[in-house]
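Visitor: my questions are about this predicted structure, shown below with the sequence.
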Amino acid sequence: MSSSSLQLLLITLTTSLLLSNATNDHPNKNLPSSMDRIELETLFKIMETLSSDQDWRVSYPNPCQPGSSWPGIECKYTPMDNHFHVTRLDFGTPPNPSCKNTAKFPSEIFQLPHLESIFVFQCFTEAPTRISVPPNKPLMSRLQQLSFRSNSALIGTIPPQISSLKSLQILTLSQNKLTGEIPVEIFSLSSLVHLDLSYNLLSGAIPLEVGNVRSLVGLDLSYNRLMGQIPSAIGELRILQKLDLSSNSLTGSVPESIQHLQSLVFLALSNNNLRGSFPRGLTGLQNLQYFLMDDNPMFVPLPEELGRLKKLQELRLANSGYSGTIPPSYSQLTNLSTLSLQNNRLSGQIPVGLANLSHIYHLNLSRNFLDGVVPFNSSFLKRLGKNLDLSGNLRLCLSPSAGNSVNVGVGVCGSSKTSSLITPVRKSEAPLKCSILFIVNIALVILTLVYTSFCG
Ligand SMILES: *[C@@H]1O[C@H](CO)[C@@H](O)[C@H](O)[C@H]1NC(C)=O
Ligand SMILES: *[C@@H]1O[C@H](CO)[C@@H](O)[C@H](O)[C@H]1NC(C)=O
Ligand SMILES: *[C@@H]1O[C@H](CO)[C@@H](O)[C@H](O)[C@H]1NC(C)=O
Ligand SMILES: *[C@@H]1O[C@H](CO)[C@@H](O)[C@H](O)[C@H]1NC(C)=O
């Protein structure tokens, strides 16, 4: 940047600072009624519904007054009507006002005509309360961001009337105790950019209407009780960058339409009941960096095509019944840092090329049926150290030159057969073996009891 353009930038910055100060400064600082009276009264009601930190009417009679404004509040001075208006409210954690035990959902927030954002964090924790939006009233709300997070006593359903908040861009209702189905009306919010309903108790299917919100960039419905198939309409979300549907009870296969999500960077489908076949179109996701799909009953071969997702940094496909060999194409994933393939039915040798993955930091291939000589040299083994796990592959062994440097869960090739076949019981395997023995033992006791009671 040249010095003259730097100067220009500085001048612009200073003037904009001065200007913003000017707009914040009320011309008549001593005038107490610098807020619209109805708006002020609504604000006091909201404060009293949520907080008992102090008597707000007494301690802060002019909540927007510069220099003596409330904590957790932002206001804007509008010259047009010579008033201050509340634009942002923050509750729950210091320095913002904390919530009282009997705090209730403050439905008056929808009557603050200039409110743009509200954040309520760890506020409702004692007395159960529900989201309520005044019904059948055209809301004049300018609310762009509505965030109620980590409220263990926020129960009930998401009211369909939430769709009357037409300006909403970010809706976060994560980590509450919300139940019922996701109201389809949410998907008529045509300005919505981020929707996060994760960590609740939501049930039912993902509505087909999800495809209507073309503006959506982030969709997180993880950790709920959603069932049914992933709707094909999800492929309509062309600018989606993050899709997290993990830890639900989704069934069926991943829809082919997912290939249209060309902007997708993060895709998590772990811990569902998804089955093969694998969507061919997945290779269209050329911007994908995170693909997390552990814990699904897939029971198909590992798709070779994943090796074409060049930007992948994390690939997690553990515990999903994958069979066949590890595709050599995976060694082309040059930016891969985590590869999790443990607890599958993979067989054959580890592809030589995996040793070329220069960014790999965490590699778990444990509990498969891999065999042959591990293709990693001692410097690779040392670099990954404890983050490399090859245990539970009984016919896998280390070349003598690489072996003995670190414990990765396999023996050195050519050492006596018994020692490589009967690998020492590793700590992680001991509980499993012991619990099997325990069950067998119990069964024997029961049989003995049955025997003695009938025949004894
Ligand atoms: C790998 O990561 C680096 C650094 O984040 C990035 O510059 C590069 O473009 C990435 N390569 C691919 C193929 O995505
Ligand atoms: C590993 O990388 C080297 C150097 O880039 C290359 O010559 C070799 O073919 C690669 N090996 C495999 C199996 O991809
Ligand atoms: C180990 O293997 C890597 C990758 O194939 C290679 O770059 C490196 O030079 C090797 N190191 C030794 C000590 O052989
Ligand atoms: C690899 O996966 C197994 C099985 O899930 C797990 O017990 C082990 O801790 C993992 N190892 C590493 C290094 O992450």
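Guide: Structure's in. What do you need? Ligands and ions are numbered 1, 2, ... in the order given.

Visitor: now P63. Nearest residue, chain neighbours left out?
Guide: In space, and not counting its chain neighbours, P63 is closest to W70: 4.6 Å by CB to CB, 6 or more residues apart in numbering. The C-beta positions use only the backbone N, C-alpha and C, and glycine is treated the same way.

Visitor: and what of L261?
Guide: Once its chain neighbours are removed from consideration, L261 has its nearest residue in L240; the separation is 5.3 Å (CB to CB, 6+ apart).

Visitor: re earlier: contact partners for the residue nearest to P63?
Guide: The neighbourhood of W70, defined by CB atoms under 8 Å, 6 or more residues apart in numbering, consists of M47, W56, Y60, P63, P97.

Visitor: so what does the last one look like in phi/psi?
Guide: Here the main-chain torsion angles of P97 (degrees, to the nearest 10) amount to phi -60, psi 140.

Visitor: can you add pLDDT and secondary structure and give the contacts of W70 back as CSV?
Guide: Putting those into CSV (pLDDT from 0 to 100; DSSP: H, G, I helix; E, B strand; the rest coil) gives the following:
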residue, pLDDT, secondary structure
M47, 90, helix
W56, 79, helix
Y60, 82, coil
P63, 86, coil
P97, 89, coil
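
Visitor: how much space separates the residue of the stretch 51-200 of the chain found nearest ligand 1 from L115?
Guide: Nearest to ligand 1, among the residues of the stretch 51-200 of the chain, is H194, at 23.8 Å (CB to the nearest ligand atom). For H194, the distance to L115 equals 18 Å [CB to CB, to the nearest Å].

Visitor: the residue of the stretch 51-200 of the chain closest to ligand 1 contacts L171, doesn't it?
Guide: Yes: counting by CB atoms under 8 Å, H194 sits close enough to L171 to count as a contact (7.2 Å).

Visitor: tell me which of the two has more neighbours.
Guide: Comparing H194 with L171 by other CB atoms under 10 Å, the one with more neighbours is L171, at 23 against 19.

Visitor: does the more buried one count as helix, strand or coil?
Guide: Per DSSP: H, G, I helix; E, B strand; the rest coil, the secondary structure class of L171 is strand.

Visitor: dump the residue contacts of it.
Guide: L171 makes contacts with L146, S147, I162, I186, L189, L192, H194, L195, D196, as judged by CB under 8 Å, 6+ apart.

Visitor: return the subset of those lying in strands.
Guide: Those of these mapping onto strands are L146, S147, H194, L195, D196, per DSSP state E.

Visitor: let me know the closest of those to N364.
Guide: Of all those, the one sitting nearest N364 is D196; the distance, using CB to CB, is 29.1 Å.

Visitor: verify the stated contact: that closest one with L173.
Guide: Yes: in terms of CB under 8 Å, D196 counts as a neighbour of L173; the distance is 7.1 Å.

Visitor: which of these two has more residues huddled nearby?
Guide: More crowded of D196 and L173, by other CB under 10 Å: L173, with 23 against 20.

Visitor: quick one, helices of the stretch 351-456 of the chain?
Guide: Secondary structure of the stretch 351-456 of the chain (DSSP state H, counting those that start in this stretch): helices located at 378-384, 417-421, 430-455.

Visitor: comparing those helices by mean pLDDT, which bottoms out?
Guide: Between the helices of the stretch 351-456 of the chain, the lowest average pLDDT goes to helix 417-421, which shows a mean of 38.

Visitor: and R367, backbone torsions?
Guide: In this entry, R367 is assigned phi and psi values of phi 60, psi 60 (degrees, to the nearest 10).

Visitor: also M227?
Guide: Dihedral angles of M227 (phi, psi; degrees, to the nearest 10) stand at phi -130, psi -180.

Visitor: spit out the contact partners of it.
Guide: S203, G204, A205, N248, S249, L250, T251.

Visitor: now which of the residues you listed would you call buried?
Guide: The neighbour-count test (16 or more other CB atoms under 10 Å) applied to those identifies N248, L250, T251 as buried.

Visitor: tally of neighbours for the closest residue to the second one other than its chain neighbours?
Guide: Just to be clear, that refers to L250. Nearest-residue entry for L250: N272, 4.2 Å, with adjacent residues in sequence omitted and distances by CB to CB, 6+ apart. Other residues near N272 number 24, with proximity taken as other CB under 10 Å.
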